[in-house]
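>>> need a structure here:
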Amino acid sequence: MSDSDSDSSSDICGLRMSNDVDGEDRKKVRRAMCQLYVYLKFGSLVKARVVRVPECVMKEIRARWHD
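Residues are numbered from 1 along each chain as shown. From the prediction side, this is the model:
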């Protein structure tokens, strides 16, 4: 086993996702990623708000938007 195997969890909005998250948490993460995809595809903060992208994701989007 290598260190990279043990550190394969995703880091979403600064929160480390562990391997033992239950199905409901996985659905929430998947939904958030889907919402981010919608934002990136359509490029609209309004549409991102409509699908309720988490605030931490919105801050990241705004930071990149103004660069």
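>>> the longest helix along the chain packs against which elements?
In the chain, taking DSSP state H as the definition, the longest helix is helix 23-42. Judged by 3 or more Cβ pairs under 8 Å, 6 or more residues apart in numbering; DSSP states H and E, the packing partners of helix 23-42 are helix 45-50, helix 55-65. Where you see a C-beta, it was placed from the backbone N, CA and C, and this is true even at glycine.
>>> any idea which of these scores lowest on pLDDT?
Comparing mean pLDDT across these, the lowest value falls on helix 45-50: a mean of 55.
>>> where does pLDDT dip in the protein?
Low-confidence regions of the chain, defined here as pLDDT under 70, cover residues 1-22, 42-53, 65-67.
>>> in the longest helix of the chain, what's buried?
Of the residues in helix 23-42, those with enough neighbours to count as buried (16 or more other Cβ atoms under 10 Å) are 32, 35-36, 38-39.
>>> and what of stretch 54-66?
Burial within stretch 54-66, assessed by neighbour count using 16+ other Cβ under 10 Å, is assigned to 57-58, 61.
>>> distance to residue 25 added to the residues you listed, as TSV?
Shown next, in TSV, are these (distance: Cβ to Cβ, whole Å):
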residue	distance to residue 25
57	16
58	20
61	22
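>>> just curious, which of those is nearest to residue 24?
Of all these, the one sitting nearest residue 24 is residue 57; the distance, using Cβ to Cβ, is 18.9 Å.
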